[in-house]
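Participant: Give me coordinates for this.
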Amino acid sequence: MSRQSPSDYMRQYHDLSVRAFGPTGLSMTGAVHVTRYQVAAPLERDRLIAALKTVLKIKHTPPLHSNYDWFAFAPGDPIQTGEPFYWQSIRRAFGFKGSPSEMRDVLRLACRLGRIGAGKDIAGQPSAAMTVADYAKQFFSLDCNGFVGNYWGLSPEVHQSNWAVITPTTEARVLKKTAGGDYWNGWGRAAVKTLDYIPLTPRKAAREARSGDVLIIHKDGVSWSHIALVDHVTWVDGDQVNWRVVEYGESTSEAGFNTSADNHIKPFRTVKLVQGPNKKLGVGYPDGNKFKYLFAAPNSQFPPATIGRCGMAAI
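Facilitator: Got it, this is the predicted structure:
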């Protein structure tokens with residue numbers, strides 16, 4: 001079975017259909033477009049959790065970054081499902097790292113809890129938005145490593161520098177600090193499991209390029225500033241390829257999505273791949289003060305992220 005393309009996965013963020021139920025069981029539907037870049041929404045996240053604790057009669061919850069539990073609603077609840085919901089889904093959706101499925105689940109929760117609709121929610125707090133589309137537009141977003149990690153079913157929170165280069169010393173330190181499943185310095189369980197797939201292998205020639213490969217941008221010869229995917233790769237000649245770049249490095253508009261003005265699915269272009277300044281990192285192409293290195297896709301057996309990461313729903 002062939003893997004979904006990066007551009008098709010990106011389209012899920014821009015045409016996310018939602019069917020949910022409000023506090024009284026009233027059906028609520030809508031289509032969502034996630035277009036914003038790196039907008040965290042901790043205040044709304046906390047208000048949703050406050051309403052959730054009221055419904056579930058929870059007194060205390062562990063810190064979200066280390067809470068790998070799930071919860072479900074009682075039989076007969078207006079949400080009309082007994083399926084599990086995950087705390088990590090809530091954390092990522094409001095922290096510009098969520099998958100389309102996680103964002104959909106959080107929108108379903110927001111409807112059930114009265115965060116979407118008129119008046120006040122079930123905890124007595126003013127509702128945040130009238131529709132699912134407005135709620136998503138206010139509180140959901142994504143960023144570059146979030147999209148790449150999600151597409152490969154890995155952690156969306158590993159910094160792009162670590163996808164390119166991570167030393168054995170750094171990896172050993174992370175493993176030591178997170179032994180037993182502990183959270184340390186941004187390394188949660190999904191990020192630690194992603195260590196099995198990084199750093200990526202540099203491509204050494206244009207003929208090696210494949211759809212799903214990873215572009216990692218080195219800026220001013222100093223910092224790794226961005227990460228993206230390439231899609232629908234074809235070879236033009238010995239050192240040229242035609243492809244489109246799929247990335248989430250800035251916001252885009254709903255009207256411009258999937259057009260030549262789109263900032264997320266770029267138009268097809270032909271590029272000449274050359275040896276980079278750091279010969280150990282293979283080929284890529286210059287772009288002003290940046291060099292865009294091409295790396296082979298991770299050897300990930302996981303499909304594009306839905307709920308959970310690295311093959312585990314709770315992490």
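
Participant: how about low-confidence regions in the stretch 151-300 of the chain?
Facilitator: For the stretch 151-300 of the chain, no stretch has pLDDT under 70.

Participant: Do you have the helices of it handy? List them.
Facilitator: Listed in chain order, the helices found in the stretch 151-300 of the chain under DSSP state H, counting those that start in this stretch are 160-164, 168-177, 189-194.

Participant: most tightly surrounded among these?
Facilitator: Each of the helices of the stretch 151-300 of the chain was scored by mean neighbour count; the highest is helix 189-194, a mean of 23, by mean count of other C-beta atoms under 10 Å. C-beta: built from backbone N, CA, C; applies to glycine.

Participant: Adjacent strands (with direction) for the longest strand along the chain?
Facilitator: Counting by DSSP state E, the longest strand found in the chain is strand 223-235. The sheet places strand 223-235 alongside strand 214-219 (antiparallel), strand 240-246 (antiparallel), with pairing taken from DSSP bridges.

Participant: tell me the most buried of the ones you listed?
Facilitator: Most buried among the strands paired with strand 223-235, given mean count of other C-beta under 10 Å as the contact rule, is strand 214-219, at a mean of 22.

Participant: export the strands paired with strand 223-235 to CSV and tack on distance to residue 296?
Facilitator: Formatted as CSV, the strands paired with strand 223-235 follow (distance: least, C-beta to C-beta, whole Å):
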stretch, distance to residue 296
strand 214-219, 8
strand 240-246, 14
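
Participant: of these, which approaches residue 311 most closely?
Facilitator: strand 214-219 (20.0 Å; C-beta to C-beta).

Participant: So what touches that closest one?
Facilitator: 148, 160, 163-164, 200, 224-230, 245, 247, 276-278, 281, 284, 287, 289-298 (C-beta atoms under 8 Å, 6 or more residues apart in numbering).

Participant: Can you say which of those are buried?
Facilitator: By neighbour count, with 16 or more other C-beta atoms under 10 Å, the contacts of strand 214-219 hold 148, 160, 163-164, 200, 224-230, 245, 247, 276, 281, 284, 290-298 as buried.

Participant: Without its sequence neighbours, what residue ends up closest to residue 295?
Facilitator: residue 200 (3.7 Å; C-beta to C-beta, 6 or more residues apart in numbering).

Participant: just to revisit the earlier point, for the helices of the stretch 151-300 of the chain, which one sits closest to residue 31?
Facilitator: helix 189-194 (28.5 Å).

Participant: can you give me how far the helix or strand where residue 49 lies is from the chain middle?
Facilitator: Using DSSP states H and E, residue 49 sits within helix 42-56. Centroid separation between helix 42-56 and its chain, computed with C-alpha atoms, centre = their mean, to the nearest Å, is 22 Å.
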